[in-house]
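Asks: Sequence and predicted structure are below.
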There are 2 protein chains.
Amino acid sequence: MEALAEALLEGHPRALAKLISRVEDRAPGYEAVVDALYPQAQAKGAYRVGITGPPGAGKSTLVDRLVTRFRAEGKRVGVLACDPTSPFSGGAVLGDRVRMQSLRDDEGVFIRSLATRGSLGGLSEMAHEVAVLLEAAGYDVIVFETIGVGQVEIDVMESADTVVVVLTPQSGDAIQALKAGLMEIADVFAMNKADQPEADRAAQALQLALRPDMTEGMWIPPILKISALRDEGIERLKEAIERHRAHLGEEGLREKRKGRLRAFLQRIVEEELRRRLWNSYGTALLDTQIEKIFQGKQGPYAAARALLQQRERGHTERGHTKPA
Amino acid sequence: MEALAEALLEGHPRALAKLISRVEDRAPGYEAVVDALYPQAQAKGAYRVGITGPPGAGKSTLVDRLVTRFRAEGKRVGVLACDPTSPFSGGAVLGDRVRMQSLRDDEGVFIRSLATRGSLGGLSEMAHEVAVLLEAAGYDVIVFETIGVGQVEIDVMESADTVVVVLTPQSGDAIQALKAGLMEIADVFAMNKADQPEADRAAQALQLALRPDMTEGMWIPPILKISALRDEGIERLKEAIERHRAHLGEEGLREKRKGRLRAFLQRIVEEELRRRLWNSYGTALLDTQIEKIFQGKQGPYAAARALLQQRERGHTERGHTKPA
């Protein structure tokens, strides 16, 4: 494992790919990998861009175009395509799809599909961990791309410094994004397929739908009309992302990083606590309480309180403290 | 609260609606309401049917038709329309949509839209709790209807005794349902819009896609061609649901109920534990650990372990046990 981590830090893409797989598979020792690379990742500090929006909005094409622009500046770019809807396909759907050949042949670009396989942890945690690996490996920009809209996509977007919400002039798009809560997290709107006749009206409608209570000094998400397919407006999109970054400033970025770390740490603490809770002792307590509820002796909330009380007592009695 | 619970048990729909709102809003004392009605609900025991499938498959129309059939037998029916995608609309989208007027005027039918408003708990837990209220109020059948496909929908379906997956001959439907893991949880397939020319082929394709390793005595999910709009095949659908119920038997139903209760109890215990974890002491420990990670002194997994250890020690030291 140490040899692999060394190789990753030296920039070997194979080592990176192998370590990502270990993190994805929750292979024994993956926590140590993340811990070992965390300080390196923090010291290097990649910029994180999230791209989200309804299915069919053209996110993948947009990502490809945007990555090409970052590459033109010599930046190394990691792309994480996150697919929360395929617990069973294991990400193959996204993985198999066509990316621009030029990007796939480019050693400065690393593309990876992420999916939650069964119950192996949440997608947003995994995206955060894999981003840390990419960061440690020296990638300058990390792009999180999601398919679909939903709570998991929003969670993934919390890993980004700048969130781009991609919409099309189709009227249903904005409603779908609004319903999913994407409007609240957007830093930049990309109105894709802007060559369609309804584009202007859609952009205006979106403008009106945005929070009217914007106060001074607040970032106002720009609405950019682009065409990913025709490669139009991508430079302006990149500039908008950079303007947002400048708006955040060093302090803002630090706060974002801290917030991310906080959320991540909270979740792994909770996960560990849950693991400890449902050991054989906790499971036995659970069975007893279920029996009592089944017999009509108490309700579930009273049972939950009783279980936690019993566990606390048992915990102490079984030797975690040694009263004289 | 007690007066309302009494009124609910006596069958007043207003009292039921009010108590559901309290549970939805997590109003003070909602746990006591659930606890008080749980034994009654268990004693009465409603049958729970889940209806899920991709958007546009015709689930609502199918539910309306099915409910009409149950009503013809004199059964009282509760319908819970669960919308996990609208954390902000508060369920208005579903609530506003057109239901059959005859059902809305029927006192033997109770229809309610459920949505997660912000972070007020998971939708599946809420659906379970509201179902308990309906059960206690004497409804014989509870129908869980979801919109869309995703993990939350699958979680909601775990509250059902029989799960009906609704598909249409559109080729994308089956793939979407497959990706979302709906195939694994289906007890009955309803191929809706069966008047379309591709219906036979779609049903055959679905048949082939089903697990080929079915063993003897196992329930084989039937694939029924129906037309909800034309009210065709609904009787056969109801019969298939009843056959599945008979297949489960009393023992199977008991196991389902136990499994549901187990999952529910586990989740409320975890929620309570999480609440206790992040009290002022836990939050202070978190801040300290974040600072250490920020300074590059340790990784997040080591920090998580340290936090839990510190908390355990602090817990004991601050008087939960009193060593002599």
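Replies: On my side now, so go ahead.
Asks: burial count for the nearest residue to A:Glu198 once chain neighbours are set aside?
Replies: Once flanking residues are discounted, A:Glu198 sits nearest to A:Pro169: 4.0 Å by C-beta to C-beta, 6 or more residues apart in numbering or on different chains. Placement of C-beta: from N, CA and C, glycine included. Neighbours of A:Pro169 under the rule other C-beta atoms under 10 Å in any protein chain shown: 22.
Asks: Next, A:Pro169: secondary structure please.
Replies: What DSSP: H, G, I helix; E, B strand; the rest coil gives for A:Pro169 is coil.
Asks: what's the helix or strand for A:Val165?
Replies: Per DSSP states H and E, A:Val165 falls inside strand A:162-167.
Asks: who does that strand touch, helix- and strand-wise?
Replies: If you count contacts as 3 or more C-beta pairs under 8 Å, 6 or more residues apart in numbering or on different chains; DSSP states H and E, strand A:162-167 packs onto strand A:47-52, helix A:59-72, helix A:171-179, helix A:182-185, strand A:188-191, helix A:234-277.
Asks: make it 6 Å
Replies: Helices and strands touching strand A:162-167, by 3 or more C-beta pairs under 6 Å, 6 or more residues apart in numbering or on different chains; DSSP states H and E, are strand A:47-52, strand A:188-191.
Asks: which is the next helix or strand following the last one?
Replies: On the C-terminal side of strand A:188-191, the closest following helix or strand by DSSP H and E is helix A:199-209.
Asks: Give me the angle between that next one and helix A:171-179.
Replies: 20 degrees (axes from the mean of the first three to the mean of the last three C-alpha atoms, to 10 degrees).
Asks: contacts for helix A:199-209?
Replies: Contacts to helix A:199-209, defined as C-beta atoms under 6 Å, 6 or more residues apart in numbering or on different chains, come from residues A:Pro169, A:Ala174, A:Met191, A:Ile223, A:Lys225.
Asks: Which members of those residues are the farthest-apart pair?
Replies: For the contacts of helix A:199-209, the farthest-apart pair by C-beta to C-beta is A:Ala174 and A:Lys225; their separation is 14.0 Å.
Asks: Who has more neighbours out of the two?
Replies: A:Ala174 (23 against 20).
Asks: Indicate which one of the helices and strands packed on strand A:162-167 is closest to chain B.
Replies: Among the helices and strands packed on strand A:162-167, the nearest to chain B by C-beta to the nearest C-beta is strand A:47-52 (14.0 Å).
Asks: Can you list the strands that that closest one pairs with?
Replies: Here strand A:47-52 has these sheet partners by DSSP bridges: strand A:141-146 (parallel), strand A:162-167 (parallel).
Asks: Looking at those strands, which is nearest to A:Glu255?
Replies: It's strand A:162-167; of those, that one is closest to A:Glu255 (C-beta to C-beta) at 13.9 Å.
Asks: Pull that closest one out as PDB, backbone CA atoms only.
Replies: Taking Å, rounded to 0.1, in the frame of the first residue of the first chain, the C-alpha atoms of strand A:162-167 are listed here in PDB:
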ATOM      1  CA  THR A 162     -18.100  26.200  -7.800                       C
ATOM      2  CA  VAL A 163     -21.300  24.600  -8.900                       C
ATOM      3  CA  VAL A 164     -22.500  24.900 -12.500                       C
ATOM      4  CA  VAL A 165     -26.100  24.000 -13.100                       C
ATOM      5  CA  VAL A 166     -26.800  23.000 -16.700                       C
ATOM      6  CA  LEU A 167     -30.200  23.600 -18.100                       C
END
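Asks: Get me the contact residues on the stretch 151-300 of chain A for chain B.
Replies: Residues of the stretch 151-300 of chain A lying close to chain B by C-beta under 6 Å from any C-beta of the partner chain are A:179-181, A:261-262, A:265, A:268-270, A:272, A:274, A:290, A:296, A:299-300.
Asks: which SS state does the residue of the stretch 1-150 of chain A found nearest chain B fall under?
Replies: Using C-beta to the nearest C-beta, the single residue of the stretch 1-150 of chain A nearest to chain B is A:Asp35, 2.5 Å away. Under three-state DSSP, A:Asp35 falls in the helix class.
Asks: Neighbours of it, how many?
Replies: For A:Asp35, the count of nearby residues is 18 (other C-beta under 10 Å).
Asks: nearest residue to it other than its sequence neighbours?
Replies: B:Gly299 (2.5 Å).
Asks: what about that neighbour, how many residues close to it?
Replies: Per other C-beta under 10 Å, the neighbour tally for B:Gly299 reads 22.
Asks: now do A:Arg14
Replies: The number of residues packed near A:Arg14 is 10, by other C-beta under 10 Å.
Asks: Without its sequence neighbours, what residue ends up closest to it?
Replies: Nearest non-adjacent residue to A:Arg14, counting by C-beta to C-beta, 6+ apart: A:Ala7, 7.5 Å away.
Asks: What helix or strand is the one you found located in?
Replies: Applying DSSP H and E as the criterion places A:Ala7 in helix A:2-9.
Asks: got the angle for the helix or strand following that helix vs helix A:2-9?
Replies: The C-terminal neighbour of helix A:2-9 among helices and strands, as given by DSSP H and E, is helix A:13-25. Going by the same axes, to 10 degrees, helix A:13-25 is angled at 120 degrees with respect to helix A:2-9.
Asks: Now helix A:13-25: buried residues?
Replies: For helix A:13-25, burial by neighbour count (16 or more other C-beta atoms under 10 Å in any protein chain shown) applies to A:Ala15, A:Leu16, A:Leu19, A:Ile20, A:Arg22, A:Val23, A:Glu24.
Asks: What of stretch A:48-57?
Replies: In stretch A:48-57, counting by 16+ other C-beta under 10 Å, buried: A:Arg48, A:Val49, A:Gly50, A:Ile51, A:Thr52, A:Gly53, A:Pro54, A:Ala57.
Asks: Tell me how chain A divides into domains.
Replies: A:39-272, A:278-320 (automatic domain parsing).
Asks: Mean pLDDT added to those, as a markdown table?
Replies: Below are those laid out as a markdown table (pLDDT from 0 to 100):
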| stretch | mean pLDDT |
| --- | --- |
| domain A:39-272 | 85 |
| domain A:278-320 | 87 |
